[in-house]
Every structure is written in C-alpha cells, then in structure tokens.
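*Asks:* Any chance you could fold what I've pasted below:
(one chain, ligands or ions: 1)
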Amino acid sequence: MDDLQQVLLAKRSVLRAALNKDVEFLRNAPDTEDESALCAAQMETNELSRIDAALSKMQDGSYGLCEDCGKRIPKARLEALPHATRCLSCQLVSEGEQPLDDGPNWERLAKVEDEE
Ligand SMILES: [Zn+2]
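*Replies:* As a prediction, this is how the structure comes out:
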C-alpha cells in the first residue's frame, strides 16, 4: 500500500499547486466570465478532500475497503483510482447504474467521480 500512499501524496501536492493557482486567478479577477477556473477549482477541492480521506483511511487501516459493502476494493481499481472509496459495483449502484458486463471503463469512472 505504501506505493499508493506515495501516489496520493504526489497527487495531493500537484492538486494543491493547481488549486492555489486557480484561487489566485479568481481572486485577481473576481468578475471573470471564465467559469472554467471556477469549475477547475471546485473539482480540485473535491478531489483533494477525497485524497485526504483516503490518506486518513490509510492511517486507521480502513483504506481499500468498500464503504458500502465492506469488501476489499480490487488492487487494480485502487491503482487506477487511489482515492476510490467504493468497489466498482457499489460505485455504479450509487450512481444509479447497472454494473457493466463488458469490463470496467476506468476513464469513464474517473470522470463520473469528478462530477460528484
Ligand atoms: Zn462495494
């Protein structure tokens, strides 16, 4: 799990830097019509809180367990999405979708999670 912690810590510092930049931008241009900076800042804030949650789960030993069914989240999913808090089927159910039969689509899932 230590390698995933490294991944999360690295992601966190990248996100923090990006968030600081966006916040700085918004501060200097409070009347901006550019909603993309606002969206980006929102997304980065959400992702940072998920990463922090994942890191604190690593501290208390509950990292990698699905929040809904309590089963261990497959390592491949955690490697693709280190801050995942649900296994794939619970994630899909929570989004009101049927679990996929044709295998996971990580790229799509990552996008869906970002919109939470
Ligand atoms: Zn589950």
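
*Asks:* Without its sequence neighbours, what residue ends up closest to residue 40?
*Replies:* Excluding the flanking residues, the one nearest residue 40 by Cβ to Cβ, 6 or more residues apart in numbering is residue 22, at 5.2 Å. No exception for glycine: its C-beta is placed from N, CA and C like everyone else's.

*Asks:* State the phi and psi torsions of that neighbour.
*Replies:* Here is the backbone geometry of residue 22 (degrees, to the nearest 10): phi -70, psi -40.

*Asks:* Surely it touches residue 43?
*Replies:* No - using Cβ atoms under 8 Å, residue 22 is not in contact with residue 43; the gap is 9.4 Å.

*Asks:* where's the residue located most distally from the centre of the chain, which helix or strand?
*Replies:* Within the chain, residue 31 marks the point farthest from the mean C-alpha position, 29.1 Å out by Cα atoms, centre = their mean. Per DSSP states H and E, residue 31 falls between elements, in no helix or strand.

*Asks:* To what extent is the residue nearest to residue 40 buried, counted in neighbours?
*Replies:* By other Cβ atoms under 10 Å, 20 other residues sit near residue 22.

*Asks:* Quick check: it vs residue 50, distance?
*Replies:* 17 Å (Cβ to Cβ, to the nearest Å).

*Asks:* what sits against residue 64?
*Replies:* By Cβ atoms under 8 Å, 6 or more residues apart in numbering, residue 64 lies in contact with 1, 57, 72, 73, 78.

*Asks:* Kindly recompute the last result at 10 Å.
*Replies:* 1, 4, 54, 57-58, 71-75, 77-78, 82, 84-85, 87 (Cβ atoms under 10 Å, 6 or more residues apart in numbering).

*Asks:* repeat for residue 78
*Replies:* Contacts of residue 78 (Cβ under 10 Å, 6+ apart): 1, 4, 7, 54, 63, 64, 72, 84.
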